[in-house]
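> Sequence first, then the predicted structure:
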Protein chains: 2
Amino acid sequence: MRYLLYYWPEIQGRGEFVRLALEDAGARYTDVARGKGGTDKMMRMMEGKGVSTIPFAPPFLKAGKLVIAQTANILFYLGPALKLAPRDEAGRLWVHQLQLTVTDFVKEIHDTHHPIAGSLYYEDQKTEAKRFTEHFLRERAPKYLGYFERVIGKSKGPFLTGRKATYADLSMFQIIAGLRYAFPEAMKKIEVKVPRAVEVHDRAIARPNIERYLNSKRRLPFNKWGIFRRYEELDA
Amino acid sequence: MRYLLYYWPEIQGRGEFVRLALEDAGARYTDVARGKGGTDKMMRMMEGKGVSTIPFAPPFLKAGKLVIAQTANILFYLGPALKLAPRDEAGRLWVHQLQLTVTDFVKEIHDTHHPIAGSLYYEDQKTEAKRFTEHFLRERAPKYLGYFERVIGKSKGPFLTGRKATYADLSMFQIIAGLRYAFPEAMKKIEVKVPRAVEVHDRAIARPNIERYLNSKRRLPFNKWGIFRRYEELDA
């Protein structure tokens, strides 16, 4: 099966969590909005043209007749087929639970530069962003990463759920890579306390398909339009 | 099966979305933290005592040997058993997709009074809350509710996915009830544009088990510690 992925073409964004899973598995997929006329196609589907399961926002995935939105939902669906999640219900729900906590974390990371409204520029909410980010770096990032660290300790690692990598581990890689881009100074201090989470990141990079992907043009660089943004004044 | 639900005892909060599904189905469950020593039990499980699938935060559900966290994940699991979701994969993923959009909406509703940090009092982020809520009431609430309105239109209603109610419809009820409590003035204007979503709310109330629940002591009133809070100065 060839999957069709729909996501904004200029950024990694939330689509990247799906892309990493597809790339790691060597799955065939088209990043539709990066092709000619692709963004228009994506917008039409969001308006409900030919789709009964209307997405609220990208990313969404077309797999045969299914159209699935919400990053964690897409990964839940893909997991077993890509061999990046167990097939049994208990195992699948557990990886999904972790991914939903990643989702919550990603939203807070986004809010470091947009705490007031997505419709405003960063420059119009800089004061609030500074205040939000102070709390984020002091309380929230250590809390989330500390949680994942405990999860890896409990499973005995080296991955979140034990000996086998899942899509949640690839998301863990993306979170750490993104936080290092956005907050290089703060992350130096935070990382010391979460060596197992950092090892998940390192092991992801070493996977041949991920290494190949990261060195390809398909991997867009982090930039100032995505979720992870480097604003020096926020990195305390 | 008797389910064990773990959630903060003083508020409706995110636990309420699970409670509504259990109550509607007439399922047997214990609201553990509302019982003697229950909050301690909940905290010990969050520390990982006897649990391999450690929750990041309440609510979580114990169902036999399974311990499942994240509201939408719990509902995904319960849905078919409670006859509040289809059994087939496509149908289950669609209801889950809707629930994950409810989850995103709930987070933004929470942020109307806590846009900077959950660790600060409302009084310490009032200025930011005012600014956040202006955007929320003008842009975000109409956008989310308008999306659900379109979904009901597309399915031909009267429920989100068509003729049968799902747990996502019960969540829709809770969102509208909560927004009416928090923002009575703003909601008067917003509701006019989403009559189908309001009908989902009305139909939920008319369900015998929900009506019984809402009139019971188990239904805590909305209050100033929950997700939906009435601060007159925010309701523009």
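Sure, I can see it.
> element containing the residue lying closest to residue A:70 once chain neighbours are set aside?
In this structure, residue A:70 finds its nearest non-sequential neighbour in residue B:100, 4.1 Å apart by C-beta to C-beta, 6 or more residues apart in numbering or on different chains. For the C-beta atoms, the positions are set from N, CA and C on the backbone; glycine is no exception. Using DSSP states H and E, residue B:100 maps to helix B:89-111.
> contacting residues around residue A:13?
Contacts for residue A:13 (C-beta atoms under 8 Å, 6 or more residues apart in numbering or on different chains) come out as A:7, A:58-59, A:226-227.
> swap that for residue A:90, sorry
Going by C-beta under 8 Å, 6+ apart, the list of residues near residue A:90 reads B:65-66.
> switch the cut-off to 7 Å
residue B:66 (C-beta atoms under 7 Å, 6 or more residues apart in numbering or on different chains).
> who in chain A is up against chain B?
Contacts of chain A with chain B, taken as C-beta under 7 Å from any C-beta of the partner chain, map to A:48, A:52-54, A:56, A:66, A:68-70, A:72-73, A:77, A:90, A:93-94, A:96-97, A:100-101, A:107, A:115-117, A:119, A:128, A:131-132, A:135, A:139, A:147, A:150-151, A:154.
> Try it again at 6 Å.
With C-beta under 6 Å from any C-beta of the partner chain as the criterion, chain A meets chain B at residues A:48, A:53-54, A:56, A:66, A:68-70, A:73, A:90, A:93-94, A:96-97, A:100-101, A:115-117, A:119, A:128, A:131-132, A:135, A:139, A:147, A:151, A:154.
> need the helices for chain A, in chain order.
Ranges of helices within chain A are A:15-25, A:38-46, A:71-81, A:89-111, A:126-135, A:141-155, A:167-182, A:184-191, A:195-205, A:208-214, based on DSSP state H.
> what is the mean pLDDT for the fifth one?
Over the span of helix A:126-135, the pLDDT mean works out to 98.
> CA atoms only for that helix, dumped as CSV, please.
Coordinates of each C-alpha in helix A:126-135 appear next as CSV, following Å, rounded to 0.1, in the frame of the first residue of the first chain:
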residue,chain,number,x,y,z
LYS,A,126,7.0,38.1,23.1
THR,A,127,6.4,39.3,26.6
GLU,A,128,4.0,36.4,27.3
ALA,A,129,6.3,34.0,25.5
LYS,A,130,9.2,34.9,27.7
ARG,A,131,7.1,34.3,30.9
PHE,A,132,5.6,31.0,29.5
THR,A,133,9.0,29.7,28.5
GLU,A,134,10.6,30.4,31.9
HIS,A,135,8.0,28.1,33.5
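> picking up where we left off before, neighbour-wise, give me the winner out of the contacts of residue A:13.
residue A:7 (26 neighbours; other C-beta atoms under 10 Å in any protein chain shown).
> Am I right that that one is in contact with residue A:14?
No. Contact criterion C-beta atoms under 6 Å: residue A:7 and residue A:14 do not qualify, at 7.3 Å.
> Name the residues contacting each of these two.
Common contacts of residue A:7 and residue A:14 (C-beta atoms under 6 Å, 6 or more residues apart in numbering or on different chains): residue A:59.
> quick one, what contacts the residue most central in space within chain A?
For chain A, the residue nearest the mean C-alpha position is residue A:17 (3.7 Å; C-alpha atoms, centre = their mean). Counting by C-beta under 6 Å, 6+ apart, residue A:17 makes contact with A:71, A:171.
> for residue A:166, same thing?
A:84-85, A:95.
> Please list only the buried members of the residues you listed.
Buried residues within the contacts of residue A:166, counting neighbours by 16 or more other C-beta atoms under 10 Å in any protein chain shown: A:84-85, A:95.
> Mind putting these into TSV with distance to residue A:236 and pLDDT?
Formatted as TSV, those follow (distance: C-beta to C-beta, whole Å; pLDDT from 0 to 100):
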residue	distance to residue A:236	pLDDT
A:84	36	98
A:85	37	98
A:95	34	98
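> and which of those is nearest to residue A:167?
residue A:84 (4.3 Å; C-beta to C-beta).
> distance of the closest residue to the closest one other than its chain neighbours from residue B:1?
Sequence neighbours aside, residue A:167 is the residue nearest to residue A:84 in space, at 4.3 Å (criterion: C-beta to C-beta, 6+ apart). Distance, residue A:167 to residue B:1, using C-beta to C-beta, to the nearest Å: 30 Å.
> Mind checking which of the two has more residues around it?
More neighbours surround residue A:167 than the other of residue A:167 and residue B:1, with 28 against 8 (other C-beta under 10 Å).
> pLDDT at residue A:227, what is it?
Predicted confidence (pLDDT) for residue A:227: 98.
> Also residue A:236?
For residue A:236, the pLDDT comes out at 78.
> what's around it, how many residues?
Residue A:236 has 12 neighbours, counted by other C-beta under 10 Å.
> what's the answer for residue A:193, then?
12.
> Please apply the same query to residue A:56.
The burial count for residue A:56: 21, using other C-beta under 10 Å.
> Now it. Nearest residue, chain neighbours left out?
Sequence neighbours aside, residue B:101 is the residue nearest to residue A:56 in space, at 4.6 Å (criterion: C-beta to C-beta, 6+ apart).
> and the closest residue to residue A:184 other than its chain neighbours, how far is that from chain B?
Closest residue in space to residue A:184, ignoring its immediate chain neighbours: residue A:235 at 6.5 Å, by C-beta to C-beta, 6+ apart. From residue A:235 across to chain B, the span is 18 Å (C-beta to the nearest C-beta, to the nearest Å).
> Contacts only, for residue A:127.
No contacts exist for residue A:127 under C-beta under 6 Å, 6+ apart.
> and if you look at residue A:66?
Applying C-beta under 6 Å, 6+ apart, we find residue A:66 in contact with residue B:90.
> Can you check what pLDDT the model gives it?
On the pLDDT scale, residue A:66 gets 98.
> I'd like to know the beta-bridge partner residues of it.
residue A:63 (DSSP bridges).
> And stretch A:48-61, what's buried?
Neighbour counts over stretch A:48-61 (16+ other C-beta under 10 Å) mark A:51, A:53-61 as buried.
> so how far is residue A:228 from the closest residue to residue A:220 other than its chain neighbours?
Distances taken as C-beta to C-beta, 6+ apart place residue A:12 nearest to residue A:220, at 5.5 Å, with adjacent residues excluded. Distance, residue A:12 to residue A:228, by C-beta to C-beta: 8 Å.
> what do you get for residue A:113?
For residue A:113, the distance to residue A:228 equals 9 Å [C-beta to C-beta].
> and if you look at residue A:102?
Residue A:102 is 13 Å from residue A:228, where distance means C-beta to C-beta.
> follow-up on the earlier one: what is the burial count for the residue nearest to residue A:56?
23.
> can you check residue A:215 too?
9.
> same thing with residue A:205?
11.
> next one: residue A:73
Neighbours of residue A:73 under the rule other C-beta under 10 Å: 26.
> With adjacent residues omitted, what lies nearest to residue A:64?
Using C-beta to C-beta, 6+ apart, the nearest residue to residue A:64 is residue A:1, at 6.4 Å.
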